[in-house]
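Trainee: Fold the following.
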Amino acid sequence: MTTPHRVPPVRPRVLIIVQNLPVPFDRRVWLESQTLLAAGYDVTVVCPTGHGTDEGDRVIDGVRVLAYPGYEGPGSAVGYVTEYAYSFAHTARLVRLALRDGPIDVLQACNPPDIFWPIARWLRRRNGTRFVFDHHDLCPELYRSRFDSEGLPYRGLTFLERQTFRAADRVTSTNESYARVARERGGKDASDVTVVRTGPDPQRLRAREPVPALRRGRRHLVAYLGVMGPQDGVDIAVEAADIIVNRLGRDDVAFTIMGSGDSYPDLVAQRDAAGLQDVVDLPGRVPDEFVAEVLSTADVGLSPDPLNPLNDVSTMNKTMEYMAFGLPVVAFGLHETRVSAGLAARYVEPNDVEAYAHAILEVLDDPRSREEMGLIGRERVETELAWEHQRAAYVRVFDELVGRVPTTGDAAQRAVHLADAGA
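Mentor: Numbers count the residues shown, from 1 in each chain. Sure thing, here's the model as predicted:
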């Protein structure tokens, strides 16, 4: 008797739009992509190019990436409008290209910016595509934090945010503060909002053997990793270095401040004006290998984000990456920073640069406390914050939208598959 041939089920198609960073440099989006792939989805990402990435159509570790040339304009309100219009046009073009392979079951758009809801509505009308809003940032608060204004641009951003929430079938929020915004300001039902934290990967992010040469002849190394915009407080880190070296006379501390952004040229000028060229290294955006070497060698990780409307309710990825490497953190006492770091950080009164500099030295000069804080941070990553604790909730959002919510037995089997795949 011949067994009838069974046609394997078609994998649901997910298209992810991200404008802020290319993949795989956007760690959250890359973890999401790999998780969906391991869960049996066909995944395509539309994003800009970045340093070391190419334009065009390619496949990276099973994920199709459609990339358009990145845009680098002035960090002004007009510059952002131009950048977003440029990005929207290229994204719409690449979405049409992705449609050549068939309908898209779920569109996920990541912010900033909140401009892709027209594409979501067009796809819904065209073939019933469901829309997941992956809520990375509060764009109105981001504008207020950068420009200290609630004028016309701010009102425009609140309109775009409101339209994005209205268009979304589901919202994935990076923390409880953002989930509250989705419910209260966005009008979303609690059942349509899921908290999916941007947890680090503890297998990839872990301390290695230190590289003593990175201390550049000094006893201690202090590190920063992240974006360098006006709201990120990197100028506070440079000013703290100035206080530590030039005012307090400490010659045993080196600083490596890694990353790029609108404020990078100003930070270099600030460092040079303080005569800190030999003390503060500003290498720009660096390869992952260099980041791992620095964070494995450093004694303290800096989270100098000042108190402002955005930072107080935002989860800082750099803080959790320091914790993954077992580094104690020095941070201002912001609400969501406390939620993430707990006892792994030394907290300072917000925006007090003098106190921040002294807190760095207090942690450096207390090796026992440093070790305890580092162990606490690493344990929090492994037991609570890591992506492995987030991915089941993330996948379930998509399973519910495409109508394939697994039974209890299937869910257990898929959890094992996700773990084996290392998503």
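
Trainee: which helix of the chain spans the most residues?
Mentor: Determined from DSSP state H, the single longest helix within the chain is helix 77-98.

Trainee: what's next to the helix or strand just after that helix, contact-wise?
Mentor: Downstream of helix 77-98, the next assigned helix or strand under DSSP states H and E is strand 106-110. For strand 106-110, contacts defined as Cβ atoms under 8 Å, 6 or more residues apart in numbering pick out 12-20, 26, 28-29, 32, 116-117, 119-120, 123, 129-134, 136, 164, 398, 401-402. Placement of C-beta: from N, CA and C, glycine included.

Trainee: Sheet partners, orientation included, of strand 106-110?
Mentor: strand 13-17 (parallel), strand 130-135 (parallel) (DSSP bridges).

Trainee: Residues in contact with the longest helix of the chain: which ones?
Mentor: Counting by Cβ under 8 Å, 6+ apart, 15, 17, 19, 44, 46, 48, 57, 64, 66, 68-69, 71, 73, 104, 113, 115-116, 119, 123, 143, 147, 153 sit against helix 77-98.

Trainee: Would you mind writing the PyMOL command to select the buried ones in those residues?
Mentor: Buried residues among these (16 or more other Cβ atoms under 10 Å), as a PyMOL selection:
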select buried, resi 15+17+19+44+46+48+64+66+68+71+104+113+115+116+119+123+143+153
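
Trainee: all strands of the stretch 101-250 of the chain, in order?
Mentor: 106-110, 130-135, 170-173, 193-195, 220-225 (DSSP state E, counting those that start in this stretch).

Trainee: State the mean pLDDT of stretch 345-353.
Mentor: For stretch 345-353, the mean pLDDT works out to 98.

Trainee: That one: how far from the chain's middle?
Mentor: On the basis of Cα atoms, centre = their mean, to the nearest Å, stretch 345-353 sits 22 Å off its chain's mean C-alpha point.

Trainee: ditto for stretch 60-68
Mentor: Centroid separation for stretch 60-68 versus its chain: 19 Å, with Cα atoms, centre = their mean.

Trainee: Return that stretch as PDB; C-alpha atoms alone will do.
Mentor: Taking C-alpha atoms only, stretch 60-68 is exported to PDB below (Å, rounded to 0.1, in the frame of the first residue of the first chain):
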ATOM      1  CA  ILE A  60      22.800  35.700   6.700                       C
ATOM      2  CA  ASP A  61      22.400  32.600   8.800                       C
ATOM      3  CA  GLY A  62      19.100  31.700   7.200                       C
ATOM      4  CA  VAL A  63      17.600  35.200   7.400                       C
ATOM      5  CA  ARG A  64      17.100  37.100   4.100                       C
ATOM      6  CA  VAL A  65      18.400  40.700   4.500                       C
ATOM      7  CA  LEU A  66      17.300  43.400   2.100                       C
ATOM      8  CA  ALA A  67      19.500  46.400   2.700                       C
ATOM      9  CA  TYR A  68      19.500  49.900   1.300                       C
END
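
Trainee: re the thing from before, can you redo the strands of the stretch 101-250 of the chain as a markdown table with mean neighbour count and mean pLDDT?
Mentor: Below are these laid out as a markdown table (neighbours: other Cβ atoms under 10 Å; pLDDT from 0 to 100):
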| stretch | mean neighbour count | mean pLDDT |
| --- | --- | --- |
| strand 106-110 | 26 | 98 |
| strand 130-135 | 25 | 98 |
| strand 170-173 | 24 | 98 |
| strand 193-195 | 20 | 98 |
| strand 220-225 | 24 | 98 |
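
Trainee: okay if I get these as JSON lines plus distance to T256?
Mentor: Listed next are the strands of the stretch 101-250 of the chain as JSON lines, based on distance: least, Cβ to Cβ, whole Å:
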{"stretch": "strand 106-110", "distance to T256": "29"}
{"stretch": "strand 130-135", "distance to T256": "31"}
{"stretch": "strand 170-173", "distance to T256": "32"}
{"stretch": "strand 193-195", "distance to T256": "33"}
{"stretch": "strand 220-225", "distance to T256": "5"}
